[in-house]
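*Asks:* predicted model follows, preceded by the sequence.
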Amino acid sequence: EAQVTQNPRYLITVTGKKLTVTCSQNMNHEYMSWYRQDPGLGLRQIYYSMNVEVTDKGDVPEGYKVSRKEKRNFPLILESPSPNQTSLYFCASRRGNEVYEQYFGPGTRLTVT
Amino acid sequence: GQQLNQSPQSMFIQEGEDVSMNCTSSSIFNTWLWYKQDPGEGPVLLIALYKAGELTSNGRLTAQFGITRKDSFLNISASIPSDVGIYFCAGFNTGTASKLTFGTGTRLQVTL
């Protein structure tokens, strides 16, 4: 089954404790991205990657890092989480830069205390 | 970064009623998309629109690409309980770093 998976689905952590949210897709998609969803603000792009070793900032990249060492994986790293990063995070993938149809993971709800 | 404004922000309707929501942008898009997010899940694509004035249906859902290319509308007819969720519009332009720009979302609640 074609899918995007994220882990963990739920995470409660404390300020400053480094964490990684993993994302993996099995559709051989070139383009992957991370979003955060906040009430009243919709989905905002954090980082994206057009292919292996090619990443770039989205609209709200501060406080986040990503890497794309393999085509299927695109982890999101919070080196020093802060309470304003409490949010619902979604990973997404699509076949290529010119293709609009995007597939989303199930989401990771992060709480930073 | 740009965001698209959706209205209404939320709506409570009775089963069987029709629903209308819209999305506006300050800039032009070549493609408009509508997504639905079920509770506890990621958004799923419902409808894609490719040219100004286009009207497209998917079952009880009908969406329109505005003439100005700066807005889009979604209608749901005869709502049912499984229509509950958050509906997002998104605009897309191809280019060097094509990206989807999402709306702020419309939360729909359906009562029996």
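*Replies:* Everything's here; your move. Residues are numbered from 1 along each chain as shown, chains lettered A, B, ... in the order given.

*Asks:* contacts, neighbours, all on C-alpha from now
*Replies:* Noted.

*Asks:* residue contacts, the residue nearest to residue B:14 when sequence neighbours are not counted?
*Replies:* Excluding its sequence neighbours, the residue lying closest to residue B:14 (C-alpha to C-alpha, 6 or more residues apart in numbering or on different chains) is residue B:111, at 4.7 Å. Going by C-alpha atoms under 8 Å, 6 or more residues apart in numbering or on different chains, residue B:111 touches B:12-15, B:81.

*Asks:* between those, which is nearest residue A:52?
*Replies:* Set against residue A:52, the nearest of the contacts of residue B:111 by C-alpha to C-alpha is residue B:81 (42.0 Å).

*Asks:* neighbours around the closest one, how many?
*Replies:* A count of neighbours around residue B:81, defined by other C-alpha atoms under 10 Å in any protein chain shown, yields 15.

*Asks:* repeat for residue A:50
*Replies:* Counted with other C-alpha under 10 Å, residue A:50 comes out at 22.

*Asks:* quick revisit: please indicate which of the contacts of residue B:111 are buried?
*Replies:* Those of those that meet the buried threshold are B:13, B:15, by 16 or more other C-alpha atoms under 10 Å in any protein chain shown.

*Asks:* pLDDT and secondary structure for the contacts of residue B:111 - can I get that in CSV?
*Replies:* Below are the contacts of residue B:111 laid out as CSV (pLDDT from 0 to 100; DSSP: H, G, I helix; E, B strand; the rest coil):
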residue, pLDDT, secondary structure
B:12, 95, strand
B:13, 94, strand
B:14, 96, strand
B:15, 96, coil
B:81, 94, helix
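
*Asks:* so what's the residue count around residue B:6?
*Replies:* Residue B:6 has 25 neighbouring residues, counting by other C-alpha under 10 Å.

*Asks:* now it, nearest residue through space, not along the chain?
*Replies:* Spatial nearest neighbour of residue B:6, chain neighbours left out: residue B:23 (4.3 Å); criterion: C-alpha to C-alpha, 6+ apart.

*Asks:* and what of residue A:64?
*Replies:* Here the residue nearest residue A:64, using C-alpha to C-alpha, 6+ apart, is residue A:78, at 5.1 Å.

*Asks:* partners of the one you found in the sheet?
*Replies:* Here residue A:78 sits in beta bridges with residue A:19, as judged by DSSP bridges.

*Asks:* what comes up buried for stretch A:102-113?
*Replies:* Taking 16+ other C-alpha under 10 Å as the criterion, stretch A:102-113 shows A:102-112 as buried.

*Asks:* beyond the helix or strand of chain B with the lowest mean pLDDT, next helix or strand please.
*Replies:* Ranked by mean pLDDT, DSSP states H and E, the helix or strand of chain B with the weakest confidence is strand B:99-102, at a mean of 86. Downstream of strand B:99-102, the next assigned helix or strand under DSSP states H and E is strand B:106-111.

*Asks:* buried ones in that following strand?
*Replies:* Across strand B:106-111, burial judged by 16+ other C-alpha under 10 Å covers B:106-110.
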